[in-house]
Structure formats: structure tokens, C-alpha cells
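Participant: A structural model of the following input is requested.
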Amino acid sequence: MAEEPSLQPITDLDTELGLLNYAESVLDAHDASEKQALHQSARVRYDQMLDASFVEAAINSRRLPFEQLPLLSDASIQEVLGTSTILVNLYLGQSLSGQLTMYLMLLTAEERQIAAISAEGMSNLAVEVASVRHSIQKDPPYGETVTLKALGALQKLYGMLFSRVTEILERLYEAGKRHLCIVPHGPLHFLPFHLLGPGTEPLAARWIVTYLPNLALLNIDSRRPAGPLDRKTGVMAFACAQWHGYESLPEAVEEAVAIARVFGAEPLLEDKFDLDHLVAALSSGKRYVHIAGHGVMDVAAPCFHHVLMAPRHGENQKLYAFQLQGLDLRGIELVTLSSCETALGRFDISDNLRGFPAYLFLCGASAIVGTLWQVESNSAVTFFTQLYARLNDGENRLEAFAHAQRVTRERHPEYRDWGAFCYLGDWTTRKARLKIRSIPGIPSIQFRKG
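Facilitator: Got it, this is the predicted structure:
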């Protein structure tokens, strides 16, 4: 077997990335397993180094005088919630006696309610979340929309998480609240809350359910030194249907064409879905960006979470999460990702998001609609064309999302189909954004074109 390259710690990101190419060339074809292991080792270490750069920036920000720290008070959050929103903030921690406890805070513009729920039965919460996700994606019995196992698990998790606040939620619903914004913690980041319910109807049947991976996303524009860029109304849609080694997706092109047509725009298809066109489009002043195709999650190294672009010279081109860094996405109100697992990522010990959605947020995108698992192509066409038709009609992002979800549920009633799509990030209007100080020292890494 060929000699392996040194795996000593490397401090330069470009050198570390070069190790990936070295891993491809140093090993012979018959050493495929060794090459794959080395390749993944380099990816993981590169990912860890990017994490370290963000942690260092966070530590530096904590050295600021207290009055300069970007803290959010309940009152400042309540100012932007509006009349219809309930912010549901969850935290899995310990009680004063050391018992595992789930803390749940309901925050509206008018009031705050806090519940402490014994979480002794949640010691295997991560396993339960993984199990219910798996069950949802199984084929349901004929005539049913979800397997009995999945339905039972969704009901059980609803009881575990919301039993103490069910009456409060009902009271607030009667008072006109219709939007539940979930701020998850730990393994709950992977739980489809919109599919939970006390009976056979999910929360999404009555509520508009969105997700906020971090409260700071209510003020995404504050992390840039200047105000948001002025962007014209419009959309830029990308799609590709053919790749090497992957199932073809002609529906992806159909979807992008239909979305662009709604806005009177030209989609960028097949060979035009590459890095050069993407970078140019992201700087073109559009408010919405749509990407359709295959997505691939890398749990061990989430900075390599990627979507496939058009093949070039016989090889699939990939847009990795880390390649988004250095781009200025301020003013982009919504990025829609019609690809598998594009709403996922990995969360570190401090509950920081990593992966494709995280890098879009770090670059200034306000909100993302992505998928929680592999998505059926026809349901994706329905959802995203309905979403953009309503945006073009002047509806806000929240209303457009709710309409698209409702129509998709009617036409594709299986939970795994309509339930795959979720809304992440800010939903508020620009005038309602929070006013807090920016976080200095966030690293900016230059965009690489290959």
C-alpha cells in the first residue's frame, strides 16, 4: 500500500484543503477504502478548524465591556413578535437538584409563560427523535398518511414536550395567535415539530410552524458592519437534472422554470448552474434565490454539506457549505433549497448550528426553506411553485409558506411528502428588526472557486 501522508496538525486552511487532493492522488485505485478514510479524515479536520475560528471569535466578543455585548432581552424580542406569534424556546438542562429538566418558555408580545418539565423520561431523546424521523419516511399502510408507529411516536413526543402548556396554547389560539416559532435545543433541532400533535391531526393543521435555530437570527442584519443591501424584487432560480452516479431529476428543471416564469425571469439551468453564475446571481440584487437538485449531508464534517451543480469535464461539481463564506447575502430575504436534507446540519456542544443553512445565515441570508429528509420530486414542485406564486402576489414570507404547505398537504397528504419542508430563520418585516449591537470579530474567509 502506498505511504500515507502525514496527519500532523495543520494550521493553514488552504494547506489542509490541499490534503484532500493529495489523498486522491497518493493512493492507488485498489486502496479505495484507505483513500476514503483519509479523505474523510481531512474533511473532518478542516471542519474542526473552521469551528475553532468561530469559537475564537465568540471568545473575543465576550471580552467586550458588558454594555457592548449583543444581548437580547425578553422585551426586545417581544417587540418584533407581532400580534400572531408565539415564540416557543426550549432548553434541555438540569434543575437545581441536578435532575434532567426540559425548560419551555412561551413568549408573545403581551406575556411570558415558563414551564419546567421533568425530562427523566427523555434520557434517550436523541434516539427517539432519530426513530420518529425514520418511521415518518416509511411507506404507510394503504389509504393512510403515516405509519402507526410514527403517529404514536409523534403523539408521545407532543405529550412529553407540550403537556404542561396545552391549555395555554389553546387560550392563545382563541386570542388570535396562529404562528408557533420553535427555538429548539440539542437533538430537538432534528425533530419535525410541525408533525407533532395530541391526536391524529398535526400542529401544522392549525398553526403555522417555523423554526429559529438561534434567537440571534431575529436580527441577522446586525452582524454586518453596514445596513442591508437594497435588493429589487425578483428571483434567481438554479437547477440541474443530470449528474454522474445520481438519479436524474427532470422535475427540478421544471420547478425552476415555473418559478422563474412567475417573476418573468430566466432560470439558470444545467451548464449555467455553476460557481461563476451562482456568485454573479447572488450579487445581482434579487430578493429570492432558489436552488433545485441533489443535496448531500456530511454529519461528520458539516462544512462539506453540499448541493450538486452541473457536471463539468466528466465530474460532478459541488457547492460546499464552506464555499459560501466571503459572500455577502445581506438583503436576500429567502433562500429555498429544493434538495434532500438541506434544512439539517450539526449542532456543537454550545448548540451552534453548522452545515449549509448555517453558512447561508452567517453570510446574511434572512430565511431559508429547506428539507428535513429525502423529498419526493412532485411534492417539491407543488410546494415551491405555490410558495413563489404567493410571494409574487405580494404575500409575506410566512403567509406564502403556510399556503404552500397547505396546498402540498392536500395534494400529497403523506407526512413524509408535505412534512419534509420547513421554514428556518426570520419571518419579521424589515421595519420590525431588532436594534442591538453587532458582534465584532466574526471571521470572513474568501470564497474559493474550486
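Participant: you'd agree E399 is in a strand?
Facilitator: No - the assignment for E399, made by DSSP: H, G, I helix; E, B strand; the rest coil, is helix rather than a strand.
Participant: need the pLDDT of it.
Facilitator: With respect to pLDDT, E399 scores 94.
Participant: thought it was touching A389?
Facilitator: No - using C-beta atoms under 8 Å, E399 is not in contact with A389; the gap is 12.0 Å. Where C-beta positions appear, they are placed from N, C-alpha and C, glycine not excepted.
Participant: for I332, give its distance to A402.
Facilitator: According to C-beta to C-beta, to the nearest Å, I332 and A402 sit 21 Å apart.
Participant: quick one on the thing from earlier: E399 and A389: which has the busier surroundings?
Facilitator: A389 (18 against 15; other C-beta atoms under 10 Å).
Participant: for that one, what are its contacts?
Facilitator: For A389, the contacting residues are V262, by C-beta atoms under 8 Å, 6 or more residues apart in numbering.
Participant: tell me the mean pLDDT over the longest strand anywhere in the chain?
Facilitator: If you go by DSSP state E, the chain has its longest strand at strand 85-94. The pLDDT scores in strand 85-94 average 91.
Participant: parallel or antiparallel, list what pairs with that strand.
Facilitator: The strands that strand 85-94 pairs with in its sheet are strand 100-107 (antiparallel), strand 179-183 (parallel) (by DSSP bridges).
Participant: okay, now the unreliable bits of the stretch 51-200 of the chain?
Facilitator: Regions of the stretch 51-200 of the chain meeting the criterion pLDDT under 70 cover residues 51-71.
Participant: ok, and what's touching the one helix or strand G159 maps to?
Facilitator: Taking DSSP states H and E as the criterion, G159 maps to helix 148-162. Applying C-beta under 8 Å, 6+ apart, the external contacts of helix 148-162 come out as 90, 102, 104, 117, 121-122, 128-129, 131-132, 135-136, 138, 141, 146, 169, 191, 195-200, 202-203, 415.
Participant: PyMOL command for the buried members of the residues you listed?
Facilitator: Buried residues among the contacts of helix 148-162 (16 or more other C-beta atoms under 10 Å), as a PyMOL selection:
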select buried, resi 90+102+104+117+122+128+129+132+135+136+146+169+191+195+196+197+202+203+415
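Participant: how far away is K177 from L169?
Facilitator: From K177 to L169 the distance is 8 Å (C-beta to C-beta).
Participant: nope, A204 is what I was after
Facilitator: Separation of A204 from L169 (C-beta to C-beta): 14 Å.
Participant: over to K286?
Facilitator: Distance from K286 to L169, by C-beta to C-beta: 37 Å.
Participant: do a quick rundown of the strands in the stretch 201-350 of the chain.
Facilitator: Per DSSP state E, counting those that start in this stretch, the stretch 201-350 of the chain carries strands over the ranges 208-211, 232-239, 268-269, 286-292, 295-296, 306-308, 318-320, 334-338, 346-347.
Participant: for the first one, the distance to its chain's centre please.
Facilitator: The reference is to strand 208-211. Once both centres are worked out by C-alpha atoms, centre = their mean, to the nearest Å, strand 208-211 turns out to sit 12 Å from its chain's centre.
Participant: and it, what does it pack onto?
Facilitator: strand 179-183, helix 397-411, strand 421-425 (3 or more C-beta pairs under 8 Å, 6 or more residues apart in numbering; DSSP states H and E).
Participant: ditto for the fourth one
Facilitator: If contacts are counted by 3+ C-beta pairs under 8 Å, 6+ apart, strand 286-292 sits against strand 232-239, helix 250-262, strand 334-338, helix 377-392.
Participant: do that again at 7 Å, thanks
Facilitator: Under the contact criterion of 3 or more C-beta pairs under 7 Å, 6 or more residues apart in numbering; DSSP states H and E, strand 286-292 touches strand 232-239, helix 250-262, strand 334-338.
Participant: now the angle from that strand to strand 334-338?
Facilitator: Relative orientation of strand 286-292 and strand 334-338, computed by axes from the mean of the first three to the mean of the last three C-alpha atoms, to 10 degrees: 10 degrees.
Participant: partners of strand 286-292 in the sheet?
Facilitator: Assessed with DSSP bridges, strand 286-292 is paired to strand 232-239 (parallel), strand 334-338 (parallel).
Participant: quick one: mean pLDDT over that strand.
Facilitator: 88.
Participant: same thing with the third one?
Facilitator: Over the span of strand 268-269, the pLDDT mean works out to 86.
Participant: follow-up on the earlier one: in strands, which of the contacts of helix 148-162 appear?
Facilitator: L90, M102, L104, I117.
Participant: buried ones in stretch 86-96?
Facilitator: Applying 16+ other C-beta under 10 Å to stretch 86-96 flags I86, L87, V88, N89, L90, Y91, L92 as buried.
Participant: my bad, stretch 165-183
Facilitator: So for stretch 165-183, counting by 16+ other C-beta under 10 Å, buried means V165, L169, L172, K177, H179, L180, C181, I182, V183.
Participant: closest one of those to L308?
Facilitator: Minimum distance to L308 across the buried residues of stretch 165-183 is 29.6 Å, recorded for I182 (C-beta to C-beta).
Participant: and the closest one, what are its bridge partners?
Facilitator: V88, Y211.
Participant: so it makes contact with W207?
Facilitator: No - I182 is beyond contact range of W207, at 10.1 Å (criterion: C-beta atoms under 7 Å).
Participant: list the contacts for the nearest residue to Q78 once chain neighbours are set aside?
Facilitator: Leaving aside its chain neighbours, Q78 sits nearest to A109 (5.1 Å; criterion: C-beta to C-beta, 6 or more residues apart in numbering). A109 sits next to Q78, L81, G82, T83 when contact means C-beta atoms under 7 Å, 6 or more residues apart in numbering.
Participant: now with 10 Å?
Facilitator: Shown in contact with A109 (C-beta atoms under 10 Å, 6 or more residues apart in numbering): I77, Q78, E79, V80, L81, G82, T83, S84, T85, I86, L87, K177.
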